[in-house]
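> Coordinates for the following, if possible.
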Amino acid sequence: MIFDRTLPRKGELELMALLFLHGMALASWFVPLGIVLDKADLGSIKSMAFAASAVAAMLSPLFFGAMADRSVPPAKVLRWISIATAATVSLIAYAIESRWSGWSVLLLIQLQALFCSPTSSLAGSIVFSQLVGSQRQFGTVRALGTIGWMAGCWTVSMFSLDASPRAFLLSGILWCLLAAFTVRLSHEFTSAGTAQKLTLRERFGWDALSLLKNHNHRVVFITSALVAVPFAAFYPFTPPHLADLGLQRVSAWMSVGQISEVVALVCIGGILQRWKFKWVVSAGIGFGVLRYLLYATDSKWMVLLGLSLHGVAFTFTYISMQIYLAERIDPHWRTRAQALLAMMTAGIGNLTGYLGCGAWLAFCTTKSGTEWSVYWGLLCGVVVVVLVYFSASYRGTDAKREQDETR
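Predicted coordinates for the structure are as follows:
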């Protein structure tokens, strides 16, 4: 069966609502960010603004993940950093409308990223802690996060906020709602912890790096970082490509990729039961290759078709990896494992990708416009290289044996 309803309906709906609010808050900030900066004559800091989330992902998820694994309930950690995120995105909106300098805005964006970056791994850890069968259930529950992202995109476009810093005020309101919602989760959703005296390394979560000693874990983490480099170009540079093709209401068009993501998320549990993990991830990376091939045609309908493949590529690659960690890593390491994945993808991979893909875009752009075929063509080649690495390096192993190795 694709979906096995094991949770009580109330608990399941609470998890879905949590991920819906989280996805909507993220989308109303992240999707319009590039266009808002361009309209405010801050385009010069755009690559660094997107890179801010990657810098933060290398610092804060492991720290807050270690805290949630050992001392403070994850929902409580999520509540306070959601409030901090709401405050900073609202201040960023004010700074842009008040014409603060680019460096001041960038500093605030980096501060916002430090608070926002751990929220995905924390939300995922809260959900995984409540699932009896993560492989069967997580995709369906996680689909509400994607639907929330779509709702955020549509709300931004519906109120014509695609190029307005007021979109960030909407994001701030949603982060506050998310913080309020966690109140009902605080006493129920907690991670396994330990009362022993912790070293500085353990407090900052760097002991999670010991997970890399396992060959298959190491390949998964490295692949997640490598494929994030070319995939990082999707959100910052698909919108300007769509605009060059004459499409309006870009935020709404960007939600097309989430439609296929919802379908893929609902099906991923059944797919992982029928296919080996290696082939599911390989298929996800393969869809990433096809997406950029379609982008390289520089044709409106082919680009939209490629955009529709985003959800399948994302789900088969990253969601499969999250489920892999939930099933094969000892529960005492659950939040740190998810945080390490976030660091490898949103941190190391995306930082390299945002800066590298931004520099490559500048190289492909002249006074007459951007050579999109050349731009996406090279990135397609990079994804092919990652696919070859993963296919050649990953060796399947019994899930229980791998979990025992992390105890």
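> Disregarding residues adjacent in the polypeptide, which is nearest to residue 258?
Spatial nearest neighbour of residue 258, excluding adjacent residues (CB to CB, 6 or more residues apart in numbering): residue 150 at 4.5 Å. Glycine gets a C-beta too; all of them are placed from N, C-alpha and C.
> ugh, typo on my part, it should be residue 154
In this structure, residue 154 finds its nearest non-sequential neighbour in residue 252, 5.9 Å apart by CB to CB, 6+ apart.
> and residue 187, what pLDDT?
Residue 187 carries a pLDDT score of 49 in this model.
> Over to residue 365?
Looking at residue 365, its pLDDT stands at 92.
> Equivalent analysis for the one 5 residues further on, please.
According to the prediction, residue 370 has pLDDT 91.
> hmm, back to that, please tell me I have it right and the residue nearest to residue 154 contacts residue 152.
No. Counting by CB atoms under 8 Å, residue 252 stays clear of residue 152, with 10.8 Å between them.
> ok, these two, which is more surrounded?
More crowded of residue 252 and residue 152, by other CB atoms under 10 Å: residue 152, with 29 against 18.
> Make sure that one is actually in contact with residue 21.
No. At 9.8 Å, residue 152 does not count as touching residue 21 under the criterion of CB under 8 Å.
> shared neighbours of these two, anything?
Common neighbours of residue 152 and residue 21, using CB atoms under 8 Å, 6 or more residues apart in numbering, are residue 174.
> Surely residue 78 and residue 182 touch.
Yes. Counting by CB under 8 Å, residue 182 is a contact partner of residue 78 at 5.4 Å.
> Look at these two and report which has more neighbours.
residue 78 (28 against 24).
> contacting residues around that one?
Contacts of residue 78 (CB under 8 Å, 6+ apart): 119, 122, 123, 126, 178, 179, 182.
> go on, residue 80?
Contacts of residue 80 by CB under 8 Å, 6+ apart are residue 179.
> can I assume it sits in a helix?
Yes. Assessed with DSSP: H, G, I helix; E, B strand; the rest coil, residue 80 lies in a helix.
> ok, residue 318 to residue 274 distance?
Distance, residue 318 to residue 274, using CB to CB, to the nearest Å: 20 Å.
> Find me the pLDDT at residue 320, would you?
Looking at residue 320, its pLDDT stands at 93.
> Could you count how many residues lie near the closest residue to residue 92 other than its chain neighbours?
Nearest residue to residue 92, sequence neighbours excluded (CB to CB, 6+ apart): residue 108, at 4.9 Å. Neighbour count of residue 108, defined by other CB under 10 Å: 21.
> now swap in the one 3 residues further on and tell me
Close neighbours of residue 111, defined as other CB under 10 Å, add up to 18.
> Grab the nearest non-local neighbour of it.
Closest residue to residue 111 apart from its sequence neighbours, by CB to CB, 6+ apart: residue 88 at 5.4 Å.
> Tell me if I'm right that that neighbour and residue 105 touch.
No. The criterion here is CB under 8 Å, and residue 88 misses it with residue 105 at 11.3 Å.
> Now the residue nearest to residue 105 when sequence neighbours are not counted: which helix or strand?
What sits nearest to residue 105 in space, not counting adjacent residues and going by CB to CB, 6+ apart, is residue 95, at 5.2 Å. Using DSSP states H and E, residue 95 maps to helix 74-97.
> could you check the angle helix 74-97 makes with the biggest helix by length in the chain?
Ranked by number of residues, the top helix in the chain under DSSP state H is helix 9-39. If you take axes from the mean of the first three to the mean of the last three CA atoms, to 10 degrees, helix 9-39 sits at 20 degrees to helix 74-97.
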